[in-house]
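Peer 1: okay, here's the prediction I keep looking at, along with the sequence it came from:
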Amino acid sequence: MVTVTSCLERQRKDGTTFTVLEISGGVELVMSQKTQRYYATLRKCTIPFTGTLETAKLMVGQKIEGDIVRVICEPYEFTSPTTGEVLKLQHSWAYQPNEKAEPIGITKMSAFQLKA
């Protein structure tokens, strides 16, 4: 289960804007590469939202079935805002819905029904 914690407007390269929801999942314990001590951090990521920023604000606090999972990516450096420690990471976070959950209001159709 994840929670919508914030909403933001992002800008595309062409100057237009779109809305994203920031979602947070479970706590993760991470070992500092510098001190070798553990600290707790929240898993969080953003997902695009098709509505307006005003509508997105109404969604803050809502629970959504699914989880935030680690996704391997190209290595990059990240500076911790709390400690100033520079970390070398090669992952990001992404939302993954529960596999067994089916969208509400959508029915499965056969190929024959789709052609009609």
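Peer 2: Received it, and whenever you're ready, just let me know what you need. Numbering: from 1, shown residues only.
Peer 1: how far does the longest strand anywhere in the chain sit from its chain's centre?
Peer 2: Determined from DSSP state E, the single longest strand within the chain is strand 17-31. Between the centre of strand 17-31 and the centre of its chain there are 5 Å (CA atoms, centre = their mean, to the nearest Å).
Peer 1: buried ones in that strand, by neighbour count?
Peer 2: By 16 or more other CB atoms under 10 Å, the buried positions in strand 17-31 come out as T19, V20, L21, E22, I23, S24, G25. Glycine gets a C-beta too; all of them are placed from N, C-alpha and C.
Peer 1: partners of it, with directions?
Peer 2: strand 2-11 (antiparallel), strand 38-49 (antiparallel) (DSSP bridges).
Peer 1: please identify which of those strands is closest to I64.
Peer 2: strand 2-11 (5.1 Å; CB to CB).
Peer 1: in the closest one, which residues are buried?
Peer 2: V2, V4, C7.
Peer 1: next, format the strands paired with strand 17-31 as a markdown table and append distance to V71.
Peer 2: Shown next, in a markdown table, are those (distance: least, CB to CB, whole Å):
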| stretch | distance to V71 |
| --- | --- |
| strand 2-11 | 15 |
| strand 38-49 | 9 |
